[in-house]
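> Could you work out the structure for the sequence below:
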Amino acid sequence: MEEAKRKKLEDKGWNVGTVSEFLDLTPEETTFIEIKLALSRYLKERRQKSMTQRKLADKLHSSQPRIAKAENGDASVSIELLIRAMLATGATPQEIGQVIAKVG
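Residues are numbered from 1 along each chain as shown. Below you'll find the predicted structure:
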């Protein structure tokens, strides 16, 4: 956020901070969420290049709405499903590791 905008909001009595501060997240919780979101974005990017959500869902014996949730960072989706889905799109463990390594 721009410093001028922040100052203007604070001058009007608003508290300005990060999502992590608002939710009182530990650094570990924040990093975990960032990893899940990075994996979700990567899954969507890979999947769009090679197949439909329906086709990926069929490969995973899942549903198209579940794949949509995975790609949109829904909290109910496990990291296991994200990784299995990426592997089903042809991603390598090294590529998945690189996505995780970029977080932080």
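> pull the longest helix from the chain.
In the chain, assigned by DSSP state H, the helix with the most residues is helix 27-50.
> Would you mind pulling up the elements that that one packs against?
With contacts defined as 3 or more C-beta pairs under 8 Å, 6 or more residues apart in numbering; DSSP states H and E, the packing partners of helix 27-50 are helix 64-71, helix 79-88, helix 93-101. All C-beta atoms are positioned from the backbone trio N, CA, C, and that covers glycine.
> need the helix or strand of this protein with the lowest average pLDDT.
Ranked by mean pLDDT, DSSP states H and E, the helix or strand of the chain with the weakest confidence is helix 19-23, at a mean of 81.
> Not counting residues beside it along the chain, what's closest to the spatially most central residue of the chain?
The residue lying closest to the centre of the chain (C-alpha atoms, centre = their mean) is Leu37, at 1.1 Å. Once flanking residues are discounted, Leu37 sits nearest to Gly73: 4.9 Å by C-beta to C-beta, 6 or more residues apart in numbering.
> give the contact list for Asn72.
Ser40, Lys44 (C-beta atoms under 8 Å, 6 or more residues apart in numbering).
> If you could redo that for Ser40, that was the one I meant.
Ser40 makes contacts with Ala70, Glu71, Asn72, Gly73, Val77, Leu82, as judged by C-beta under 8 Å, 6+ apart.
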